[in-house]
Structure formats: structure tokens, C-alpha cells
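In: got a sequence here, can you build the structure:
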Amino acid sequence: MAITVTDPRPIERAEEILTPKALAFIEELHKRFAGTRNELLAARGVKRQRVAETGKLDFLPETQDVRDGDWKVAEAPAALQDRRVEMTGPASPAKMAINALNSGAKVWLADLEDASTPTWGNVIDSILNLRDAAQGTLSYTSAEGKEYTLRTDAPLAVVVARPRGWHMPEKHLLIDGEPAVGALVDFGLHFFHVAKQLVLNGHGPYYYLPKMESHLEARLWNEVFVFAQDFLGLGQGTIRATVLIETIPAAFEMDEILYELREHASGLNAGRWDYLFSIIKYFRDAGEEFVLPDRASVVMTAPFMRAYTELLVKTCHKRGAFAMGGMAAVIPNRRHPEVTEAAFAKVRADKTREANDGFDGSWVAHPDLVPTCREVFDAVLGDKPNQLDKQRPEVSVTADQLLDIASADGQVTEAGLRLNLYVAVAYTAVWLSGNGAVAIHNLMEDAATAEISRSQVWQQIRNKSVLADTGNTVTRELVERILGEETERLRTEFGDEAFRLYYKPASNLIADICLSEDYTDFLTTPAYELVG
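Out: This is a model prediction of the structure:
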């Protein structure tokens, strides 16, 4: 097995990350684990097809003993006992990383996944920034001379890094001529360069694991962790992982996922936007009863979403693991304070529901939301760092409740279709420009919300959905017309140069995947081929 770097210096100081020893570690990870990863990805498609034909998912009979067993995950280290507010965002550029670390949040989800375009420069810069942050040397000076440094007057957020999902490749590292596994590259470079320093700091190499669909995928991560800790001479259990339950099959395997990772498990997160995307993707051709209403209509109080979050809290606390709430994606608009005030009221209500349900903390996408989230959880937690002691014995969730998509209030409308196409193109264009998180209509959009948007369009075409506000049937012709109108609108908003470079290619890509007979599993896969 041989490893090749196609571009050894995408940014300054890249050689500090792409060292021979680090690359040898990446190569060893692939030698041991890439084959199993490939088999597990193939198994996803087989299971999806079987479920689509029946419209049914259920808890696994072969793992009943795990669900019935009396076991717990390892106790959390001191640095992860209090997670009441978690700030999310990319680890590149340095300014963003510094703002997140200084935000006052207990944890920073340093994102190499949905909030980051995986250009080679972004990948390497993210690892550099995380290493510099661990060493206390991270700083940035803007072109205008404004200096950004790590605060010393209060604790920095504890870093929990999120590598890419199992499905994403890394085309700039080739293993025997084939693209490397993005997840192993992200984890491997971060762990190799930062793990020992984090331990010295009283923290550790902590990770969020995205997009998993089964406990077997969690088992693979656990095997990676065991090997990596031995490789660097760190004790087993030094790594801690929080798993995003953001796919519908994973919702049926929460106990099993925690069990596989139990020595390294920290908790589960209710990744609400990817969860909705996964439901659409999984049941896209299973009939009208699986067609969700407009994205904006689907709220966390919908019965099927309540079932998902209630089961997550109960499962986590039964096993001694943290239950982490979902994203508050509001972005303050200082030019329209009344809009911001109304949005913050919704965030407060959302976080209050989570705290009262037993969640141990929750996510925000902007530093201005940290005080609101902290205040809500402070009111519930008091002096306690978490509420692991809040068991939920009264909760009993069935497979039918998790799959009760038809219970969601709302309608499919042409206004919603138009918004979906606008968001899908607008987000993809910014992603192509190298930025994986962008504010659109006062909401922080990342890949998950764009995935919902384009998947709803595909599903509505497939099901010939009738639009409640116009009476029109969703057809390819209708989608082509509205997509053209929204693309032209984006041209007027952002100008001809940006349109030529990013918005037109984005529109072409959205047209291809929305109008195709075949469904594209991830928007970011073909989009990745269009970036450097």
C-alpha cells in the first residue's frame, strides 16, 4: 500500500501537518479499516432498498439482549461533564475558530463536515488551527489590522472535532491510486498532531461522529480508536465520542451504537436537520405517506420528532451518556431587531423544551445565542453540570411512532418548493466558493438543510405532489421553470461574476440531481468534484 499527496502545499505551513510520520499513520489506518468501511457503505444501499419496498423499519431482533442489558458507558472525563451550551462552526479560517473558542460556550464543535467545504486547503488549515489552539498559539490579524487572540479572562470552549462522514472521499490523498477515506484523513491528522497536547491540557481527543446508519459503523469507529490509542501510546478510553443520531436507521440502534463505543462513548446528539434529510432519502419512493410538508412547517413538536428526541434522552440517561439537543440556526440581524427578537423567542422556547425533556445541553450556531441557551439550561440544571439523573421510565417509543411521518402538520406548497430551490442553489454556490456555512434569510444553513431542500424537490416530483397554494402538480417542467426563476433572482442579488463562478454551476448541479430519475445519496459528493 502506497500513499500519494497530490498537492503537498495547498496553504502555508502545510508541511507541518503533512509530515512523513503523519502520512504513515493515515496509510496504516487505511490498510486496516478502509476495506470494512467500503463493505459497510455497500450494506447501506442493500438495507435501504429492502426498507423502501416495505415502508418499514424496526428495532433489531438480533440485538435485543443489548437493549435489555444492564450496562453503562464509561464515566465522562471532567472536561466533558458540563456541556450545557455547545457552539458549532468550521475550524477554518482562524478567525472563526478563535471566535468559537472565545464564545463562552462550554464546548465548540469544530466542524470538518457539514459546515466546512472540504477543499484541501480548508482541511489542512482546520488541523493547523486546532493544533495551534491546543498549544495556545492560535491568533489572526485581519487585512485591516484587527487582531484576534484566544481569551485569557475565562475558560475556552472544550474542542470536540467532527470529521467527515464515512461516505466522503479525500481526493488529495491517494492510497494505491484511489481517493482516501475522508473520515480517516480528518481523524488521523487531528489525532496524530493534537491528541497528546490535548491530554496535557486536561482535555483529550474528543469527537462528534456524523452520518452513521448502524451499530456496525460505530463498531468500526471503535476499532479505529483502539488502534489509534495504542499507536500513540495513549490509554484506552482517552478518546471520547458523541454520535449524531441523524439518520432514521440509527434511531433504531441507539442502544447498540452506545454499546459498541461504550469505553469511548460520551453521548448522542439529536441532529435534527440531517435526521429529516435521512427520512426523506430513506423513504423517498415509499409512497405519499412519507412526503413531508414544507421544511419550515416541520417542527420539533411533531409527533414523530418528539418520539425521536424522547427515545434519545431515555436511552442516553439509562446508559450514563449525555443527551445533546439540536441546532438553533438563527443568525441575529442587527438591521432588523424585531426579526431577531422574534427569532430569539423561538430559540428560547426550543431550548426550554429540550432542557425540560432532560437534554444535558444543546447547540447554537452563533455566539450571540450562547447566553440565551446558557440561561435556559442554567435555570433547569442549577448547580448540577448535567441531568444524567433524570431518567425517563415513562417514555415508551414504538417503531410506528418513529415512522409516523404523516402526523406532521403542514402542507406542500409552491412557496415551499420555490424556497427549497433558492436555498439549495444559494447554499451550494457558497459551498463551491469554499465556505460550508452561510446565513440565508437569517438562518445558518449548512449541508444538512440544503440536503433537505433538494431531496424534498426530488421526492415531490416522484410522488407528483399537488401544491396546496396553487393546485399545481410538481413535475420536472414546473421545477425547471421555478429553478430558472430562482437562479435569475440569485444573479440579480449577487452579480454576474459570482453568478458565473458559483451560482450557475450550483444551479446546474441542483437541476441534475433534482431532475434525475436516480436519487443522489449526498449533494456534497458531486459538488466535491467541482472544488479544488
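In: going forward, measure contacts and count neighbours with C-alpha atoms only.
Out: Will do.
In: distance-wise, check residue 448 relative to residue 133.
Out: When Cα to Cα, to the nearest Å is the yardstick, residue 448 and residue 133 sit 27 Å from each other.
In: show me where the stretch 1-150 of the chain has strands.
Out: Along the stretch 1-150 of the chain, counting by DSSP state E, counting those that start in this stretch, strands occupy 3-5, 85-90, 107-111, 139-141, 147-149.
In: also the stretch 151-300 of the chain?
Out: Taking DSSP E, counting those that start in this stretch as the criterion, the stretch 151-300 of the chain contains strands spanning 158-162, 169-175, 178-181, 206-209, 240-244, 265-269.
In: CSV for those strands, including mean pLDDT?
Out: Converted to CSV, the strands of the stretch 151-300 of the chain look like this (pLDDT from 0 to 100):
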stretch, mean pLDDT
strand 158-162, 98
strand 169-175, 98
strand 178-181, 98
strand 206-209, 98
strand 240-244, 98
strand 265-269, 98
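In: nearest to residue 50, of these?
Out: Relative to residue 50, the nearest member of the strands of the stretch 151-300 of the chain by Cα to Cα is strand 240-244, separated by 23.7 Å.
In: so what's the gap between the closest one and the chain middle?
Out: Taking Cα atoms, centre = their mean, to the nearest Å, the mean C-alpha location of strand 240-244 is offset from the chain mean by 11 Å.
In: so what touches that strand?
Out: 204-212, 261, 264-271 (Cα atoms under 8 Å, 6 or more residues apart in numbering).
In: list the strands paired with it, with their directions.
Out: Strand pairing for strand 240-244, using DSSP bridges, gives strand 206-209 (parallel), strand 265-269 (parallel).
In: pLDDT weak spots in this protein?
Out: Low-confidence segments of the chain, defined by pLDDT under 70, are located at 1.
In: I'd like to know which elements the lengthiest helix in it is packed against.
Out: Ranked by residue count and defined by DSSP state H, the top helix of the chain is helix 20-54. With contacts defined as 3 or more Cα pairs under 8 Å, 6 or more residues apart in numbering; DSSP states H and E, the packing partners of helix 20-54 are strand 178-181, helix 182-200, helix 215-232, helix 272-282.
In: now with 7 Å?
Out: helix 182-200 (3 or more Cα pairs under 7 Å, 6 or more residues apart in numbering; DSSP states H and E).
In: list the buried residues of the helix it packs on.
Out: 182-198 (16 or more other Cα atoms under 10 Å).
In: same check, this time on stretch 440-452
Out: Using 16+ other Cα under 10 Å, the residues of stretch 440-452 that count as buried are 443, 444, 445, 446, 447, 448, 449, 450, 451, 452.
In: show me what contacts the closest residue to the fifth one other than its chain neighbours?
Out: Distances taken as Cα to Cα, 6 or more residues apart in numbering put residue 114 closest to residue 447, at 5.0 Å, once the chain neighbours are dropped. Contacts for residue 114 (Cα atoms under 7 Å, 6 or more residues apart in numbering) come out as 436, 446, 447, 448.
In: just to revisit the earlier point, now tabulate the strands of the stretch 151-300 of the chain in CSV and tack on distance to residue 223.
Out: Supplementary listing: the strands of the stretch 151-300 of the chain in CSV, determined by distance: least, Cα to Cα, whole Å:
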stretch, distance to residue 223
strand 158-162, 18
strand 169-175, 20
strand 178-181, 16
strand 206-209, 14
strand 240-244, 13
strand 265-269, 13
